[in-house]
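from the sequence below, what's the structure:
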Amino acid sequence: MSRYRKAHSSPPSRQTMNRTDLPGLYVHTPFCKTRCPYCDFCSGADASLIDGWLNGVLREARMYPGARPFDSLYIGGGTPSLLDGLQMAKLISGLNEIFRFADATELTVEMNPDDVTREKLECYRSLGVNRISLGVQSFVEEEVRFLGRRHNALQAISAVEAVAGAGFREFSIDLMYGLPGQTIEAWQGTLEKAVSFSPDHLSCYQLTVEGNTPFVRMAREGKLVMPDDAFQADLFVTTSEYLTGAGFLHYEVSNFAHGAGKVARHNVKYWQHTPYLGLGPSAHSFAGRKRWWNVRDAARYLESIHGGHVPVEGSEELSSSQMNLEKLLFGSRTIWGINVRDIVPPPSEERIRELCDSGYITYESRRILPTLKGYLFADKLPLMIL
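Have a look, this model is predicted:
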C-alpha cells in the first residue's frame with residue numbers, strides 16, 4: 001500500500017505553473033493518411049477537402065467577433081502535420097489576423113513521426129510554433145505495427161531526434177501502454193528510451209478499446225485480449241514511479257512535465273474550467289457554464305459554413321450540480337485536486353479522514369489531493385468523496 005500513498009508533493013503554486021486564466025483556442029484537423037485501428041476521433045476525412053476545410057476554419061473563426069485574447073493555440077487532429085508549409089502558414093497567419101493572442105502564447109502542433117522533416121520543422125518555427133506534440137506511441141517495432149501506425153520504430157527515433165534538435169521551446173512525446181502481450185520490462189524500456197531524448201513533456205495513455213473501431217470488433221470476436229486490470233495498474237504505477245524518479249511532475253493521470261513550467265498550458269484549461277474555443281469538425285468549446293460542439297462530419301461542417309451558419313451540432317448549459325460534479329471529476333485526475341469549498345454539500349471530516357487513511361488522498365489547505373492510488377481510481381474517487 002505504501003507505494004501508492006504519495007503521488008506528488010504539494011501542488012506547485014500558480015506562479016510557477018505554465019498556465020493562466022486566459023482562454024485557449026483549439027483547431028481540429030480531421031485528416032489522416034491512414035486510420036489507426038484504436039482511434040475513434042474525428043479523422044480520416046478526404047484529404048482533397050483540406051483547402052476547403054482551411055477556408056472553412058477561418059470563416060468559422062470570424063463568426064466569433066470580440067473573443068478575448070487567447071494564450072494558447074493547439075492544432076490537433078487527426079494529423080495536422082499533413083498540411084504543407086503554405087497551408088499551415090495560411091492557417092496560423094489567418095488566425096492571427098482574426099484573433100488577439102497574448103505575449104508568449106503556447107502554440108502547439110501535433111505531428112506524426114513520418115511527417116517530420118527539417119524543412120517542415122523550420123517552417124513551423126518561422127510561423128511561431130513553439131511546442132511540438134509527437135505521436136510516437138511506441139519505440140518497439142512489433143508494437144508500432146500492432147497499433148497500425150504509419151511510421152516504424154526507426155522513423156520514430158529519427159523524428160524525436162529531429163524535433164529535439166530543432167530549437168522549439170518545448171516538445172512532448174505521446175506513448176501508449178497496456179497493449180496485448182506487453183511486458184513491464186518492454187514498457188519500461190520504452191520509457192527509458194523516451195527520457196533519453198530529454199523531452200519537456202510526456203503523455204502516457206492506456207490503450208482503450210471503445211467506440212466504433214476495428215479493435216472493438218476484434219475484441220468482440222475474441223481476436224484481441226487486453227491485459228487485466230491488475231496488470232494495467234502495475235503498468236500505470238511503473239510509469240509514474242519511473243518518470244517521477246527521472247524528474248517529471250505527474251500532474252495529471254496521463255501527463256508528465258519536466259518541471260512545473262512545462263505543464264501543457266492548453267490542456268490544463270480543459271481540467272480547470274477555463275474557457276476555450278474549438279474550431280473545425282467535432283471541436284468542442286466551453287465558456288461560463290455552456291459547452292457546445294461542432295458537427296462531426298467534415299462535409300456537413302463545410303456545408304454549414306458555406307451556408308453562413310455556425311456549425312454547432314449541440315450544446316448544454318451546466319447546472320450548479322453538474323459544474324460541481326465536473327470539478328470533482330477533473331480534480332480527481334490532477335495534481336491541483338479539489339477545493340472542498342466547491343463541493344456542495346461538502347464531505348464530512350470523517351469521510352476525508354477515511355480516504356486519507358485508505359491512501360486515496362492527502363488533505364492540505366482545504367484541498368483534497370489524489371495520491372497515486374487516487375489516480376488509479378480517478379473515475380470512482382468522486383463517488384467516494386460525495
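
can you list the low-confidence ranges for the protein?
In the predicted model of the chain, residues 1-19, 40-45 satisfy pLDDT under 70.

can I get stretch 345-353 as PDB, trimmed to CA atoms?
Extracted C-alpha coordinates of stretch 345-353, given in PDB (Å, rounded to 0.1, in the frame of the first residue of the first chain):
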ATOM      1  CA  PRO A 345     -22.600  19.600   0.300                       C
ATOM      2  CA  PRO A 346     -19.000  19.400   1.500                       C
ATOM      3  CA  PRO A 347     -17.700  16.000   2.600                       C
ATOM      4  CA  SER A 348     -17.600  15.300   6.300                       C
ATOM      5  CA  GLU A 349     -14.200  15.500   8.100                       C
ATOM      6  CA  GLU A 350     -14.800  11.800   8.900                       C
ATOM      7  CA  ARG A 351     -15.100  10.900   5.200                       C
ATOM      8  CA  ILE A 352     -12.000  12.900   4.300                       C
ATOM      9  CA  ARG A 353     -10.100  11.100   7.100                       C
END
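
which parts of the stretch 151-300 of the chain are helices?
153-164, 184-195, 214-220, 229-245, 265-272, 298-306 (DSSP state H, counting those that start in this stretch).

buried set for the second one?
Okay, so that is helix 184-195. Using 16 or more other Cβ atoms under 10 Å as the test for burial, helix 184-195 gives 186-188, 190-191, 193-195. Yep, even glycine has a C-beta here, placed from its N, CA and C like the rest.

and for the last one?
Applying a neighbour-count criterion of 16+ other Cβ under 10 Å, one finds 298, 301-302, 304-305 buried in helix 298-306.

which element is Cys123 on?
helix 118-126 (DSSP states H and E).

pull the distance from that helix to the chain's centre.
23 Å (Cα atoms, centre = their mean, to the nearest Å).

got it, and stretch 273-285?
13 Å.

now do stretch 145-160
Counting by Cα atoms, centre = their mean, stretch 145-160 comes out at 20 Å from the chain centroid.

neighbouring contacts of the helix holding Cys123?
81, 85, 88-89, 109, 132, 162-163, 166-168 (Cβ atoms under 8 Å, 6 or more residues apart in numbering).

dump the residues you listed to TSV, plus neighbour count and distance to Arg353.
Below are the contacts of helix 118-126 laid out as TSV (neighbours: other Cβ atoms under 10 Å; distance: Cβ to Cβ, whole Å):
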residue	neighbour count	distance to Arg353
Ser81	26	50
Gly85	14	58
Met88	22	53
Ala89	15	57
Val109	28	46
Ile132	29	45
Ala162	18	52
Val163	23	47
Ala166	16	51
Gly167	10	50
Phe168	19	46
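
farthest-apart pair in those, please.
Distance extremes for the contacts of helix 118-126: the farthest pair is Ala89 and Ala162 at 20.1 Å, using Cβ to Cβ.

now do the SS call for the closest residue to Lys193 other than its chain neighbours.
In space, and not counting its chain neighbours, Lys193 is closest to Phe139: 4.7 Å by Cβ to Cβ, 6 or more residues apart in numbering. Per DSSP: H, G, I helix; E, B strand; the rest coil, the secondary structure class of Phe139 is coil.

same question for Leu329.
helix.

now do the contacts for it.
Per Cβ under 8 Å, 6+ apart, neighbours of Leu329: 379, 382.

check the gap between it and Leu121 for me.
Distance, Leu329 to Leu121, by Cβ to Cβ, to the nearest Å: 37 Å.

report the secondary structure state of Leu369.
Per three-state DSSP, Leu369 ends up strand.

burial measure for the closest residue to it other than its chain neighbours, as a count.
Of all residues not flanking Leu369 in the chain, Gly337 sits nearest, at 3.8 Å (Cβ to Cβ, 6+ apart). Gly337 sits with 24 neighbouring residues when counted by other Cβ atoms under 10 Å.

one more: the one 3 residues further on?
Here the count is done by other Cβ under 10 Å, and Val340 has 16 residues near it.

and the gap between it and Leu386?
Relative to Leu386, and taking Cβ to Cβ, Val340 is found at 12 Å.

okay, and the common contacts of these two?
Shared contacts of Val340 and Leu386, defined by Cβ under 8 Å, 6+ apart, are found at Pro347.

isn't Ser72 right up against Gly24?
Yes. Between Ser72 and Gly24 there is a contact under Cβ atoms under 8 Å: 3.9 Å.

any residues in contact with both of these two?
With Cβ under 8 Å, 6+ apart as the test, Ser72 and Gly24 both reach 265-266, 269.

quick one: those residues as a markdown table, columns for neighbour count and distance to Arg68 too.
Below are the shared contacts of Ser72 and Gly24 laid out as a markdown table (neighbours: other Cβ under 10 Å; distance: Cβ to Cβ, whole Å):
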| residue | neighbour count | distance to Arg68 |
| --- | --- | --- |
| Arg265 | 24 | 15 |
| His266 | 25 | 15 |
| Lys269 | 25 | 12 |
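
from Thr190, how far off is the closest residue to Ala186 other than its chain neighbours?
Among residues not flanking Ala186 along the chain, Val140 sits closest, at 6.1 Å (Cβ to Cβ, 6+ apart). Relative to Thr190, Val140 is positioned 6 Å away (Cβ to Cβ).

good, wrapping up.
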